[in-house]
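Student: Give me a model of this one.
(one chain, ligands or ions: 2)
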Amino acid sequence: MFSSVRTRLTLWYTAILGLILTIFAVAVNGVITYRFHSELDASLASAATVISVSLRHEIQEHHGRAPGEAMFAGVLKTIHAASFPRQAIVVYAKGRLVASKPGVEGEIESPPQPAGAVGWCDVRSRSGARLRLVSRSVFIPEAGVDYLIAVAEPIDRTQSQISFLRGVLLIAVPLALVLAAGAGYLLARKSLAPVAAMSRQVNRITAGKLGQRLTVANSQDELGDLATTFNGLLRRLDEAFEQQRRFMADASHELRTPIAVSRTAAEVMLSSPSRAEEEYREALGIVAAQMQRLTRVVNDMFTLALADAGAYTVQRHRFYLNDLLEEALLAARVLAAPRNVAVAGGPFEDAPYEGDEDLIRQLLLILLDNAVKYTPAGGRVDVRLEPGYIIRVADTGIGIAEDVQARIFDRFFRVDKARSRSAPGGGGGAGLGLAIANWIATVHGGKLEVESSSPGEGSVFRVTLPLNPSPTRQQPG
Ligand SMILES: Nc1ncnc2c1ncn2[C@@H]1O[C@H](COP(=O)(O)OP(=O)(O)OP(=O)(O)O)[C@@H](O)[C@H]1O
Ligand SMILES: [Mg+2]
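Tutor: Ligands and ions are numbered 1, 2, ... in the order given. As a prediction, the model looks like this:
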């Protein structure tokens, strides 16, 4: 039960609100209690003022202390008793009781506090109730004496008001908390409803239905953001799956052709009991050529599969790029001679480099093979090596139309499928060369690009191989 975010959210919310309300209730209680007591003190002080004025008046009126005090005692018991029925009042002069009046809870026993005191006192009362007392010293010149006036009042009324307030808080705070918890739970459920809906939608998505997307209710909020992010992941997965599907389809197509050709050649040979040796030779020649092509395609696919799985260990060591390039040029010249294509380049300056020599060799051969293969007789291939390193392979061949330049690095992509398969010298490629070359450049921290190319005018391929590459483990294109 506590594992649900909704419940945990509600509990946290309620706990924090409970804490805040408790602090609030304690503070309100303190402030109100203080306020009630200070109001009571103020009313006691004003009663003391009235009493002192009255005492002075009586002493002045009766021209002397003793008759004035006697009159005052009478006034206190009658007029003041009527004005201040709840308060107990005593007036002392140097420890001598001048006058007193009981309040609702009885009389004040003795001069309880020093003059000017404010506080609690015990009274001679029937119930032993607590009284709040204010005492004050008044000098009356006509009498020549300091009088101590003390006024006290039971606090039961104030106390009952405070208790009432406490009662209200004790009921209101838990009630508010229960209501807030309920409302919080509903609110949490409402705000988390899109998450539940999203998880239902996600559950319905299978490998075959990666084209589906989550509904984005509000792209501005966090949940909308989550749905958009998830949709992005789905799109990438969908593309990756689609790429895999296309790869499988293209691969099986590539493999089917040489197998079908070889099978047909063999079947034709076997259909009649005896044939001339020449015919057998011709058929075996076809089978051998197709097997060679099959071997190449399977090897290339294997390289790409290893690269995809990240299982290809790149063996880095030091070697001279110029040597490797010159060696590749020799191989290219062998390939180019029968086609009457000139291969120019080198000798190059020393170019020490650290990388996988076999892979770089493969990269150079792929580019040179393409340059020779897609250049008609009489054409020319030029290779340059610049420090840094940049290798340029330029040809005067058929060129590549701009709209397909980005796709030539895709697996099995060929600009002109029919022509490249029937092209001489290599038996027509499968369209895997540049995908592998691109991967090789990438694992060496570099890149492979078509620098320029236009149909009929030739192409320039540029490989960048930085000297201090940051180690990468990239997937091939
Ligand atoms: N130098 C070039 N001039 C013109 N077109 C080129 C050149 N290099 C590559 N291409 C085009 O790009 C396509 C892809 O090249 P890639 O090397 O990947 O495949 P391929 O040469 O057809 O086959 P493979 O290399 O697998 O034997 C080629 O089919 C061709 O259409
Ligand atoms: Mg090629």
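Student: Can you pull up the residues of the protein that come close to ligand 2?
Tutor: Residues of the chain found near ligand 2 (CB under 5 Å from the ion) are 370, 429, 433. Placement of C-beta: from N, CA and C, glycine included.
Student: Can you list the residue ranges for strands in this protein?
Tutor: 88-93, 96-101, 107-108, 118-121, 123-124, 131-140, 145-154, 317-320, 342-344, 352-355, 380-386, 390-395, 447-454, 458-464 (DSSP state E).
Student: rank these by pLDDT, which is bottom?
Tutor: For these, the weakest mean pLDDT is recorded on strand 123-124, namely a mean of 54.
Student: Sort out for me which of the residues of the chain next to ligand 2 are in helices.
Tutor: Those of those mapping onto helices are 370, 433, per DSSP state H.
Student: related to what we said a few turns ago, and the strands of the chain: which comes nearest residue 40?
Tutor: With CB to CB as the criterion, residue 40 lies closest to strand 131-140 of the strands of the chain, at 5.4 Å.
Student: Give me the angle between the closest one and strand 145-154.
Tutor: Relative orientation of strand 131-140 and strand 145-154, computed by axes from the mean of the first three to the mean of the last three CA atoms, to 10 degrees: 160 degrees.
Student: So which elements touch strand 131-140?
Tutor: Identification of packing neighbours for strand 131-140 by 3 or more CB pairs under 8 Å, 6 or more residues apart in numbering; DSSP states H and E yields helix 5-61, strand 118-121, strand 145-154.
Student: Show me the least confident stretch of the ones you listed, going by mean pLDDT.
Tutor: Among the helices and strands packed on strand 131-140, strand 118-121 carries the lowest mean pLDDT (a mean of 63).
Student: Could you list the residues of the stretch 301-450 of the chain in contact with ligand 1?
Tutor: Taking CB under 6 Å from any ligand atom, the part of the stretch 301-450 of the chain that reaches ligand 1 is made up of 366, 370-371, 374, 395, 397-400, 408, 413-416, 420, 429-435.
Student: OK, now which residue of the stretch 251-400 of the chain is nearest to ligand 2?
Tutor: Nearest to ligand 2, among the residues of the stretch 251-400 of the chain, is residue 370, at 4.3 Å (CB to the ion).
Student: neighbours around that residue, how many?
Tutor: By other CB atoms under 10 Å, the residues close to residue 370 number 23.
Student: cool, and the one 10 residues further on?
Tutor: Around residue 380 there are 16 other residues, counting by other CB under 10 Å.
Student: Nearest to residue 3, out of the strands of the chain?
Tutor: Nearest to residue 3, of all these, is strand 447-454, at 49.5 Å by CB to CB.
Student: Just the CA atoms of that closest one, as CSV, please.
Tutor: Presented in CSV, the C-alpha positions along strand 447-454 are these (Å, rounded to 0.1, in the frame of the first residue of the first chain):
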residue,chain,number,x,y,z
LYS,A,447,35.6,10.6,-40.7
LEU,A,448,35.0,9.8,-44.3
GLU,A,449,33.2,12.3,-46.6
VAL,A,450,32.4,12.9,-50.2
GLU,A,451,34.3,16.2,-50.7
SER,A,452,32.9,16.8,-54.1
SER,A,453,31.3,14.9,-56.8
SER,A,454,29.2,15.5,-59.8
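Student: Flag every buried residue along it.
Tutor: Of the residues in strand 447-454, 448, 450, 452, 453 count as buried by neighbour count, 16 or more other CB atoms under 10 Å.
Student: Test my guess that residue 6 contacts residue 187.
Tutor: No. The criterion here is CB atoms under 8 Å, and residue 6 misses it with residue 187 at 9.6 Å.
Student: Contact partners for the closest residue to the residue of the stretch 251-400 of the chain closest to ligand 2 other than its chain neighbours?
Tutor: Of all residues not flanking residue 370 in the chain, residue 433 sits nearest, at 6.3 Å (CB to CB, 6 or more residues apart in numbering). Contact analysis of residue 433 by CB atoms under 8 Å, 6 or more residues apart in numbering lists 300, 366, 369, 370.
Student: and those residues as TSV, adding pLDDT?
Tutor: Shown next, in TSV, are the contacts of residue 433 (pLDDT from 0 to 100):
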residue	pLDDT
300	89
366	94
369	93
370	93
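Student: Now restrict those residues to buried residues only.
Tutor: Among the contacts of residue 433, those classed as buried by 16+ other CB under 10 Å are 300, 366, 369, 370.
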